[in-house]
Every structure is written in structure tokens, then in C-alpha cells.
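[1] curious how this folds, go ahead:
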Amino acid sequence: MRLTSKRFKEAKNLVQDKLYSIEEGIELLKKTATAKFIESSEVHFCLNLNPKYADQQLRATVVLPHGTGKDVKVLALVTPDKEAEATAAGADYVGLDDYLQKIKDGWTDVDVIITMPAIMGKLGPLGRILGPRGLMPNPKTGTVTMEIGKAVQEVKAGKIDFKVDKTGIIHAGIGKISFEADKIVDNAHEIIQTLIKLKPTAAKGTYIKSIYLTSTMSPAIALDPKAV
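    Sure thing, here's the model as predicted:
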């Protein structure tokens, strides 16, 4: 039986059985995030989609206006003529064959891998390593591109990718809880507006069924989908 900590119980007592506006929810989230470390803030959407159908799948990227607050480690797998571009843009690791071998040996100490279309054939055999860790580059997320410098800069600036899972849920980080409240609000609004713009034409009825805010160690806070 899982025991609930006193800290969590106290935080949960602050959350009323109601639907909050984004501004109210984030203000409350900052009050309930009382762990002894800087927690991350997250938003979770339940969408009226059935991803088993191709026309109801959703995967996209968004550049958060205030970033994620995380130091994102980027590996650029590129040919020699692109190495200087990747390095100048801020990639933490730049190269090709040496890093492919390191990955084959089990090294995955990066957050994002960016590469070129011509390199994808070499990455295919490493899918069993990269796929489960969410590290496989994908053209849909802008991580397979000839514009290596631009891609690296966007990721470093706070670009994230998200996709609907098999249950119709999307999870996304919206910054550190130490951010000023209005910055977390801006990041949340950016994701919400992106979701609305990308609503699949096959989606029927209520598109966003529910929205919840959480931090790493806090209880969930329900937002009013109609208010967004």
C-alpha cells in the first residue's frame, strides 16, 4: 500500500474540487510545489481522439516563449561539412561515426539528436536503442533536416515535441516551477493554441475533454477547457 506524505496531503488540501482558469491554476500550482528541489511544471490534455486511426494521430513541435528551464544536451550527427554549423549553434556533441559506435555500445546521455536525411539510413539499426528512449530523430519534429544550425538553436531555446498517446493523452513540460507565473502561463498558452490549430479534421465533438496542471511532486489541478 502506497503511503501519502504529509507534504502531499497538505498540498492536496489546497486544491478545490473545481475547474480553474490557467492563471488561477498556475498560481495554485506554485503554492503546492513544495518539494525540496525545483520542480518542473507540466500540462496534460485528454483529447477526443482515437490514435489508432491515422487521421486522428497528432504529433507536433512548439517553441516555448520562455523555454523549458532545462539545459538540453544536443547531439548533432552530421557530415564534416556541417560540423562547424552545428558547433556554432550550440550543439553539445558533434560528429558521426564515433558517436554512432558509442550509441551502438549503449551510450544515450543526450536529450535530443539532430541529424540529416542522408544519415537516417545509418540510424535505422539503432532504432531499438534510440526508439524506447524517445531519441530517434524524426522529420515531423524537425530533428531530421539540412538546416542543422537552426534546428539546434530552436531546441536549445525551448523547442519541445509532443504527441498523443494511445489513450488520447498528451503530456508536455511548460517550464520550471521557479519561473514567474506569467511565464508559465505564456508557455501553457503556446501549447494550447498549437493544439487548437492542429485539431485533426476527423475529430468530432468536444476536442479538448480535460486539462490538468501538475508539477513533479504535486497533486493535479483541473483547468476549465472552455476557458481556453
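[2] what's the span of stretch 209-224, first residue to last?
    With CA to CA, to the nearest Å applied, stretch 209-224 spans 9 Å between its terminal residues.
[3] so what's the gap between it and the chain middle?
    Counting by CA atoms, centre = their mean, to the nearest Å, stretch 209-224 is centred 16 Å from the centre of its parent chain.
[4] and for stretch 153-173?
    That offset, for stretch 153-173, works out to 3 Å (CA atoms, centre = their mean).
[5] for that stretch, buried residues please.
    153-156, 158-164, 168-170, 172-173 (16 or more other CB atoms under 10 Å). C-betas here are computed from N, CA, C, even on glycine.
[6] in helices, which of those residues fall?
    Among the buried residues of stretch 153-173, the ones falling in helices (DSSP state H) are 153-156.
[7] ok, so of those, who is nearest Ala220?
    For these, the residue nearest Ala220 by CB to CB is Val155; the value is 28.2 Å.
[8] correct me if wrong: that closest one contacts Val110.
    No: between Val155 and Val110 there is no contact under CB atoms under 8 Å: 10.7 Å.
[9] farthest-apart pair in the buried residues of stretch 153-173, please.
    Taking CB to CB, no two of those sit farther apart than Gln153 and Gly168, at 32.5 Å.
[10] quick one: which of the ones in helices among the buried residues of stretch 153-173 is nearest Leu135?
    Scanning those for proximity to Leu135, where the rule is CB to CB, the winner is Val155, at 12.4 Å.
[11] how close does that closest one get to His171?
    Remark: distance between Val155 and His171 (CB to CB, to the nearest Å) = 18 Å.
[12] run the chain-centre distance for the helix ranked longest in the chain.
    Looking across the chain with DSSP H, the single longest helix is helix 181-197. Here helix 181-197 is found 13 Å from its chain centre; the criterion is CA atoms, centre = their mean.
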